[in-house]
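S.K.: Turn this into a model:
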Amino acid sequence: MMTNVFIISAPSGSGKSTLVGRIRDTIPNLEFSISYTTRKPRGAEQDGREYSFVSRDEFEAMIRRDEFLEHADVFGNYYGTARRFLQKAEENGSDLLLDIDVQGAAQIKGKLPDAVSVFIMPPNRGELEQRLRKRSQDAESVIQRRLEAAAREIENYRKYDYILVNDRLEDSVDALKAILLSERQKRDGQPDAELLAKAERCRLERIRERLQPILQSFQKTAAGGGK
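M.R.: Numbering: from 1, shown residues only. Now for the predicted structure:
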């Protein structure tokens with residue numbers, strides 16, 4: 001079995017972690033790459049579960065040893081995907097799911113052009129702001145910085161194979177599951193017509209019209225210089 005590599009990217013607060021968690025529980029033979037990071041754990045995060053937390057010195061030593069498929073500096077902290085996760089998936093005959101940002105996604109696509117990429121889009125800027133405020137006790141300056149970063153990240157949506165607007169969780173779980181399973185089946189030469197049709201509705205060329213008001217919600221705010 002050839003290993004499929006799936007890239008999932010999204011602005012902070014778009015619900016990506018919840019979606020990925022649900023998908024990992026429902027799709028067999030799907031391994032997950034736990035990113036390395038130099039940031040401190042948040043809330044109930046545990047080392048080796050959400051992330052592998054390492055020091056900046058240790059991360060930079062891993063860079064020198066060429067241990068990363070991709071890495072990036074995000075808000076002053078390093079994040080990276082270790083090569084060993086891909087090697088392990090290939091050895092086990094499994095697919096690999098990567099939860100990475102737009103910088104990392106570009107690096108992976110450069111090295112693995114056949115990787116399938118999915119961008120998780122929030123319903124609009126207002127909803128994203130509400131989610132960011134509900135999920136944390138971040139300072140106002142941090143929330144605004146994340147919203148500004150989201151606007152920049154969303155500009156990269158054209159580089160992704162699929163766009164998934166995460167407005168209703170159960171629908172989003174079903175759509176993401178359809179994308180991953182149909183891509184796996186296409187590699188095996190036996191795509192299920194129903195799954196394929198559901199996945200194709202999230203193709204970039206099929207969803208452009210739906211994206212316009214979402215993109216405009218971020219552009220209007222940027223033009224207005226804030227909220």
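S.K.: And the strands in this protein, which stretches?
M.R.: Taking DSSP state E as the test, the strands found in the chain are 5-9, 30-33, 36-37, 52-53, 68-74, 77-82, 95-99, 116-121, 162-165.
S.K.: May I see those organised as CSV, with distance to Arg206 and mean pLDDT added?
M.R.: For the C-beta atoms, the positions are set from N, CA and C on the backbone; glycine is no exception. Below are the strands of the chain laid out as CSV (distance: least, CB to CB, whole Å; pLDDT from 0 to 100):
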stretch, distance to Arg206, mean pLDDT
strand 5-9, 19, 96
strand 30-33, 25, 93
strand 36-37, 34, 96
strand 52-53, 37, 96
strand 68-74, 28, 91
strand 77-82, 29, 94
strand 95-99, 23, 94
strand 116-121, 14, 97
strand 162-165, 9, 96
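S.K.: of all those, which lies closest to Arg208?
M.R.: strand 162-165 (8.6 Å; CB to CB).
S.K.: could you say what helices and strands the closest one packs with?
M.R.: strand 116-121, helix 169-188, helix 204-224 (3 or more CB pairs under 8 Å, 6 or more residues apart in numbering; DSSP states H and E).
S.K.: Does Arg56 touch Tyr78 like I think?
M.R.: Yes - Arg56 is within contact range of Tyr78, at 6.8 Å (criterion: CB atoms under 8 Å).
S.K.: what inclination does the helix or strand of the chain with the lowest mean pLDDT have with respect to strand 116-121?
M.R.: Within the chain, no helix or strand scores below helix 204-224, which has a mean of 84 by mean pLDDT, DSSP states H and E. Put simply, helix 204-224 runs at 40 degrees to strand 116-121, going by axes from the mean of the first three to the mean of the last three CA atoms, to 10 degrees.
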